[in-house]
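Visitor: build me a model from this:
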Amino acid sequence: MKAVHNVESEIFVVDNNSSDDSEAFFKDRFTNVKFIWNKENIGFSKANNMAVKQATGKYILFLNPDTLVPEDCIEKCISFFESHTGAGALGIKMIDGSGKFLKESKRSFPSPLTSFYKLAGLSRLFPHSQKFSKYHLGNLNENETNEVDVLAGAFMMVPKKIIDSIGSFDETFFMYGEDIDLSYRIQKAGYKNFYFAETNMVHFKGESTRRGGLNYVRLFYKAMSIFAKKHYGNRAVFFNLLIQLGIFARAFLSAIKRFIKWVGMPVIDGTIILMSFWIIKILWNLYVKRDVNYSSNMLVIAFPVYTFIFLVASYYSGLYDNGFKQKRLNHSTVVAFALLLSVYALLPEHLRFSRGILVFGSLLAFILITIIRWLLVKWKVIEKDDNSEEHRQTYIVGTEKEFEEVNHIMQHAGMEERVLGRIEVNGNKTGSIGTIEDIKQLLKTYSVKEIIFCEGRLSFKKIIGMMQEIPNHTRIKFHAANASGIVGSENKKTSGKFISGDKKIKLSLPISKRNKSFIDVVVSICFIITFPVHLLIQKKPHQFFRNIFDILFLNKTWVGYAWPDNALPKIKEGVLTTTGLPAILNTLPPESLSGSDKWYATDYDVWEDVKIIWRGYRFLGT
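Guide: The predicted structure is shown next:
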């Protein structure tokens, strides 16, 4: 609505038989929008064509519903058409809900080889190659306007006279391929397709089908097959043969992925670790300790025991949480190695061997696991997790009134305890924790994992520009002015959603209190066992060990509240607070600290304590 404020326009919304009572919800809303309610899912092409038949404007914009468009986008696109008489269609730069560029904003036509490279995964391995990544034109700068072959149907503007001349979407395509076909026919009619980089929009994705799975591959293949038969004539047979090979390659990778998930990464890691110790033992025997005959117990007992210790330490360090994160592997390796050295010192003489084998075996295992993980992430066999915090603290970016609106929505969703504070958009810090100029520093200091941008005082244009500067690990959501909800997609494969319902404070449960005391003792004992490491790393080791014994004697806890609140379950004074910092370093206002405590107590989990302790390790001697 705001994007066409200065443009004479008409808006059509076509619903393909939604099952969420959309029709009832929109019955008395947006009376100037023309709704078309279908009783079945007739597909993307047919649904768009229903609106095209009623449209009377000079230009037609095909726009996906899972998008956010900046206020000046439409005017800029029209201006481009007015100054480029040979333009037949226009697409713009698209980013996903996390601010990442979407490669499908610009594409080439699907020749047999380019389609095979895409389906076989080669375009992913070589994203900027003119040859292997030709399908997404990876060699072209995403920030420069260029003439291209194919535009995405998620945002595709076409003059009405061209639609009337060559026809709209081919209804043979149910989903995927219809935009390629229309782009092809526009070029064939003598016009040019342009990728317009001077404006952009958010396309959340993941709303129509799960991308990357075999179902997506089948739909994509069917679309490419229809396109080939329609436009490539005799070459279609060869085209389909290569795509079938691509389908087989993708199915093979999918089978490997399922196998790895079934076997489990710990088994793979265990094999790598055992193999690493054995390789180093052989090399050590050949080049370092040639005159030493190591006992067979090394292979039968010691190596498996050390491998088991390594895996257990890795597990409790979070290595096998959902998704891979290099930081977890680094942490788990350090913890595992420290435990190995401690256990080594306690082993009987006949199970010991050269510490060099232990050191270099651990190092080789770390290198090999890192390489294997990197390859599996690169090949999309496992997911990379940049957002590992399940319970995220949230900043709300907006005015005081907008903050209250969003807080009200989150309260009804049972998520008000996640709000850490408000970031002001007017430059005045009064009543806020900072301004929009402070966002990067605030994210760095407090490791906040989520930002909710309020549209109102901030325009969508400004928000879309800002979100591309937000660190990748931060999840982004949006609240539009006068809207009744918050939207956002945390992952390109899934829709974002809020969980409603009242929440109980978990920390008040006896089992949670026992678990908190247990994790305090376990962490303290681990620190004592690995004391040589901490003597070297901690700036104030005497205070660090004093804190350990205070906790073992139940005088303190590792993680305590940041602000006193009689409404929350009682816990002892913490070395760290729920923000991850010691109390003396907390500079947030009381309401923010209180909110952090409430979030912590409401969704208490022992692993949250472990994460906070790990993140605040350098402050454990305060």
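Visitor: wait, residue 451 touches residue 476, no?
Guide: Yes. Between residue 451 and residue 476 there is a contact under C-beta atoms under 8 Å: 5.5 Å. Placement of C-beta: from N, CA and C, glycine included.
Visitor: how about the strands in the stretch 401-550 of the chain?
Guide: Per DSSP state E, counting those that start in this stretch, the stretch 401-550 of the chain carries strands over the ranges 419-424, 434-435, 450-454, 475-479.
Visitor: can you redo the ones you listed as JSON lines with distance to residue 368 and mean neighbour count?
Guide: As requested, these are arranged in JSON lines below (distance: least, C-beta to C-beta, whole Å; neighbours: other C-beta atoms under 10 Å):
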{"stretch": "strand 419-424", "distance to residue 368": "40", "mean neighbour count": "24"}
{"stretch": "strand 434-435", "distance to residue 368": "44", "mean neighbour count": "17"}
{"stretch": "strand 450-454", "distance to residue 368": "35", "mean neighbour count": "25"}
{"stretch": "strand 475-479", "distance to residue 368": "32", "mean neighbour count": "23"}
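Visitor: export the ones you listed as a markdown table, with columns for mean pLDDT and distance to residue 184.
Guide: Formatted as a markdown table, the strands of the stretch 401-550 of the chain follow (pLDDT from 0 to 100; distance: least, C-beta to C-beta, whole Å):
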| stretch | mean pLDDT | distance to residue 184 |
| --- | --- | --- |
| strand 419-424 | 89 | 46 |
| strand 434-435 | 90 | 49 |
| strand 450-454 | 92 | 38 |
| strand 475-479 | 90 | 35 |
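Visitor: any chance of these in CSV, with distance to residue 231 too?
Guide: CSV is the format used below for the strands of the stretch 401-550 of the chain (distance: least, C-beta to C-beta, whole Å):
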stretch, distance to residue 231
strand 419-424, 51
strand 434-435, 54
strand 450-454, 43
strand 475-479, 39
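Visitor: between those, which gets nearest to residue 115?
Guide: Distance to residue 115, taken as C-beta to C-beta, is lowest for strand 475-479 among the strands of the stretch 401-550 of the chain, at 32.7 Å.
Visitor: so what touches that closest one?
Guide: With contacts defined as C-beta atoms under 8 Å, 6 or more residues apart in numbering, strand 475-479 is touched by 68, 97-99, 202, 387, 392, 398, 402, 405-406, 409, 449-455, 463, 467, 470, 485-488, 490, 496.
Visitor: 6 Å - rerun?
Guide: With contact meaning C-beta atoms under 6 Å, 6 or more residues apart in numbering, strand 475-479 is reached by 387, 406, 450, 451, 452, 453, 454, 467, 486, 487, 488, 490.
Visitor: and it, how far out from the chain middle?
Guide: When C-alpha coordinates are averaged (C-alpha atoms, centre = their mean, to the nearest Å), strand 475-479 and its chain have centres 13 Å apart.
Visitor: check stretch 273-284 too.
Guide: 37 Å.
Visitor: got the buried residues for it?
Guide: 273, 274, 275, 276, 277, 279, 280, 281, 284 (16 or more other C-beta atoms under 10 Å).
Visitor: just name the closest of these to residue 621, please.
Guide: For those, the closest approach to residue 621 (C-beta to C-beta) belongs to residue 273, at 31.9 Å.
Visitor: how far is the helix or strand containing that closest one from where the chain is centred?
Guide: Here residue 273, judged by DSSP states H and E, is contained in helix 265-287. Distance of helix 265-287 from its chain centroid, counting by C-alpha atoms, centre = their mean, is 34 Å.
Visitor: thank you, goodbye.
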